[in-house]
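> how would this look folded up:
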Amino acid sequence: MLPAPASPRRDRAQSVQSSELSRNPSRVFAAAERSPVDVTRRDGEDLVLMSKREADARDALLGIAVELIAVATDDRGTLAERMADRFPWMLALGAADRETCARELLDSARASSATRQPHLAVATLTAWRETASALAAGLEGGIVDWFDEPTAVGRP
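Below you'll find the model as predicted:
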């Protein structure tokens, strides 16, 4: 029997015996779409069944962690300079934004690891990289005129 759906915090994977996977594959697969499922086996090493999205997110977090370890082991320059060496797109940011970006990337990677939520670090990295790309393309923040009231437009 499958345990109750996992909580949003994925502290522990659900666990099923391999025979349950054989008897009720659709239920086990549905559970694996929500969070990883440990498949225990008598005749071999236990396996983990997870969605490709989950595996890709973990791979992305591992990739970020590799770069952050390289930054941490380098002693040349400031944190922001070392981060910009590993993430060259950061050079499109101003000096103050590079410092903020570096700190946010480290903090989100730590939070992702601590909570087992890889998307936190990936989302932070993506947001900063897209900001840098927009700045490099000349899309700098300017004065924005907001409409206070809805404005009717004609049909195209």
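
> Need the per-residue pLDDT for Glu81.
Listed pLDDT for Glu81 reads 94.

> How about the contacts made by it?
Not one residue lies near Glu81 by CB atoms under 8 Å, 6 or more residues apart in numbering. C-beta: built from backbone N, CA, C; applies to glycine.

> That one and Glu33, how far apart?
42 Å (CB to CB, to the nearest Å).

> And the residue nearest to the spatial centre of the chain, how far from Asp74?
Centroid-nearest residue in the chain, with CA atoms, centre = their mean: His119, separated by 2.4 Å. Using CB to CB, we find His119 at a distance of 27 Å from Asp74.

> repeat for Asp145
From Asp145 to Asp74 the distance is 45 Å (CB to CB).

> who has more neighbours, the two?
Asp74 (14 against 5; other CB atoms under 10 Å).

> ok, now which ones touch the closest residue to Gly77 other than its chain neighbours?
Using CB to CB, 6 or more residues apart in numbering and skipping the chain neighbours, the partner closest in space to Gly77 is Asp85 (7.6 Å). Contacts of Asp85 were listed using CB under 8 Å, 6+ apart, and they are 71, 74, 77.

> List the ones among the residues you listed that fall in strands.
Secondary structure from DSSP state E places none of the contacts of Asp85 in strands.

> thinking again about what came up before, just the element for the residue nearest to Gly77, please.
helix 79-86 (DSSP states H and E).

> in the next helix or strand after that helix, what counts as buried?
Downstream of helix 79-86, the first helix or strand assigned by DSSP H and E is helix 95-115. By neighbour count on 16 or more other CB atoms under 10 Å, the buried set for helix 95-115 is 97-99, 101-102, 105-106, 108-109, 112.

> can I get those residues in JSON lines with distance to Ala136?
Listed next are these as JSON lines, based on distance: CB to CB, whole Å:
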{"residue": "Asp97", "distance to Ala136": "13"}
{"residue": "Arg98", "distance to Ala136": "13"}
{"residue": "Glu99", "distance to Ala136": "18"}
{"residue": "Cys101", "distance to Ala136": "14"}
{"residue": "Ala102", "distance to Ala136": "18"}
{"residue": "Leu105", "distance to Ala136": "18"}
{"residue": "Leu106", "distance to Ala136": "23"}
{"residue": "Ser108", "distance to Ala136": "22"}
{"residue": "Ala109", "distance to Ala136": "24"}
{"residue": "Ser112", "distance to Ala136": "26"}
